[in-house]
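*Asks:* kindly return the folded structure for what I paste below:
(one chain, ligands or ions: 1)
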Amino acid sequence: MAKTKYQFNPESISYEKVEANFKTKIINVLKHMASSSVLAIAMVVVLFYFFGSPKEKALARENKQLLTQYTRLNTELTKIQNVLGDLEQRDDNIYRVIFEAEPIHSNIRKAGFGGVNRYGYLENLENSELVISTAKKMDIVAKSMYVQTKSYDDVEEMVKNKFQMLSSIPAIMPLAIKDFGRISAGFGWRIHPIYKTRKFHDGMDFTGNIGTPIYATGDGIVKMARSERGYGKRIIIDHGYGYQTIYAHLNGYNVKRRQKVKRGEVIGFLGNTGKSTGPHLHYEVRKNNKTLDPINYYFNDLTADEYDSMVAYAANTGQTMD
Ligand SMILES: [Zn+2]
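*Replies:* Sure, this is the predicted structure:
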């Protein structure tokens, strides 16, 4: 409220009320408001400075909560990293070893975390160390999980492939143990039956009766079933994975070219065709066109003892039947 001003009038010899003009009134009001505002602002500043606004207090509480949660998150991420580390170890040292695959190189597992400082924008925070460490861990965990998932896809594929591989690689004898008379010649340098000279025998000869069933020693496709010079009636099976088996001097066929065969399926019959000195089966195992000792490819059929005696026997047999 504005003060009422009086002025002495010498003419009327009395004090008269001075009517302030409009401009003066406004100025008075503004002066009054300004002084009140300065006081109010000063009070607010003092209050906020020493006690904080209610909103600030809420934010501070929330900040404290976030810090606690962040610390927990960071600890949990460390645990997850350790679990992932175990999975990676197992993946590299067990699964990949079983399936003869190379372990995943650490460069791939840890790729993308060097070089540029990707966390620079977090550096000016009050708790930047904690925030950056957590962000880093999250990135590493995400990346590791991605690589690990991919690796399990590979392993799954290898398992499928392995089953197929195991059923394809020659692993039994080409005729039943009860059906063959003896192994007349093993793999290696032997006396040739006709020329009587030393010659490399690149298969194994089993004597037996004409017509004895001959089995496919692994899954595959019949690549050839026809008469060849020297070999007589001969079957070649392509097993994939670089493996082929050859069955020669047969009496007859039970399969045709391009036919799919399963391990243990009768493909033909023991005979005496081609350059042969008596009824027998000449059996070869080849990998990538190189002949291998078939004795190492009977593992599904023979016990360790049977294998030992077969090795001893095959080594001592002197003359092939070719
Ligand atoms: Zn032979």
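*Asks:* ok, the residue in the stretch 201-322 of the chain that the ion sits nearest to - how many residues close by?
*Replies:* Closest residue of the stretch 201-322 of the chain to the ion, Cβ to the ion: His282 (3.5 Å). (Glycine included, C-beta is placed from N, CA and C.) Other residues within reach of His282, judged by other Cβ atoms under 10 Å, total 28.
*Asks:* touching the helix or strand harbouring it from outside, list them.
*Replies:* Assessed by DSSP states H and E, His282 sits inside strand 280-287. For strand 280-287, the external contacting residues (Cβ atoms under 8 Å, 6 or more residues apart in numbering) are 170, 174-175, 180, 184, 202-208, 212, 214, 217, 231, 242-250, 270, 272, 276, 291-294, 296-297, 321-322.
*Asks:* among these, which lie within strands?
*Replies:* Members of those lying in strands (criterion: DSSP state E): 180, 184, 204-208, 214, 243-250, 291-292.
*Asks:* next one, pLDDT for the residue nearest to Ser144 when sequence neighbours are not counted please.
*Replies:* Nearest residue to Ser144, sequence neighbours excluded (Cβ to Cβ, 6 or more residues apart in numbering): Leu84, at 4.8 Å. What the model reports as pLDDT for Leu84 is 89.
*Asks:* could you count how many residues lie near Leu84?
*Replies:* Neighbour count for Leu84, taken as other Cβ under 10 Å: 18.
*Asks:* which stretches of this protein aren't confidently modelled?
*Replies:* 1-3, 20, 111-116, 316-319 (pLDDT under 70).
*Asks:* past the host helix or strand of Ile221, which element shows up next along the chain?
*Replies:* For Ile221, the host element (DSSP H and E) is strand 220-228. Going down the chain from strand 220-228, the next helix or strand is strand 232-240, by DSSP H and E.
*Asks:* how far off centre is that next one?
*Replies:* For strand 232-240, the separation from the chain centroid amounts to 36 Å (computed by Cα atoms, centre = their mean, to the nearest Å).
*Asks:* so which elements touch that strand?
*Replies:* If you count contacts as 3 or more Cβ pairs under 8 Å, 6 or more residues apart in numbering; DSSP states H and E, strand 232-240 packs onto helix 128-168, strand 220-228, strand 243-250, strand 252-253, strand 266-269.
*Asks:* partner strands of that strand, with direction?
*Replies:* Next to strand 232-240 in the sheet, as set by DSSP bridges, lie strand 220-228 (antiparallel), strand 243-250 (antiparallel).
*Asks:* most tightly surrounded among the ones you listed?
*Replies:* Comparing the strands paired with strand 232-240 by mean neighbour count (mean count of other Cβ atoms under 10 Å), strand 243-250 ranks first with a mean of 24.
*Asks:* between that one and helix 128-168, how big is the angle?
*Replies:* Interaxial angle of strand 243-250 relative to helix 128-168 (axes from the mean of the first three to the mean of the last three Cα atoms, to 10 degrees): 0 degrees.
*Asks:* report the distance from strand 243-250 to the chain centre.
*Replies:* Chain-centre distance of strand 243-250: 38 Å, with Cα atoms, centre = their mean.
*Asks:* and what of stretch 274-288?
*Replies:* Distance, centroid of stretch 274-288 to centroid of chain: 43 Å (Cα atoms, centre = their mean).
*Asks:* that one: which residues count as buried?
*Replies:* Across stretch 274-288, burial judged by 16 or more other Cβ atoms under 10 Å covers Gly274, Lys275, Ser276, Pro279, His280, Leu281, His282, Tyr283, Glu284, Val285, Arg286.
*Asks:* alpha carbons only: can I get that stretch in CSV?
*Replies:* What follows is stretch 274-288, C-alpha atoms only, in CSV (Å, rounded to 0.1, in the frame of the first residue of the first chain):
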residue,chain,number,x,y,z
GLY,A,274,40.1,-112.4,-63.6
LYS,A,275,43.8,-113.1,-62.8
SER,A,276,43.2,-115.4,-59.8
THR,A,277,44.7,-118.6,-58.6
GLY,A,278,41.7,-119.8,-56.7
PRO,A,279,38.3,-118.7,-55.3
HIS,A,280,39.0,-115.6,-53.2
LEU,A,281,38.0,-112.0,-52.6
HIS,A,282,40.6,-109.3,-53.2
TYR,A,283,39.5,-106.3,-51.1
GLU,A,284,41.0,-102.8,-51.2
VAL,A,285,40.4,-99.7,-49.2
ARG,A,286,41.5,-96.4,-50.8
LYS,A,287,41.5,-92.9,-49.4
ASN,A,288,42.1,-90.0,-51.9
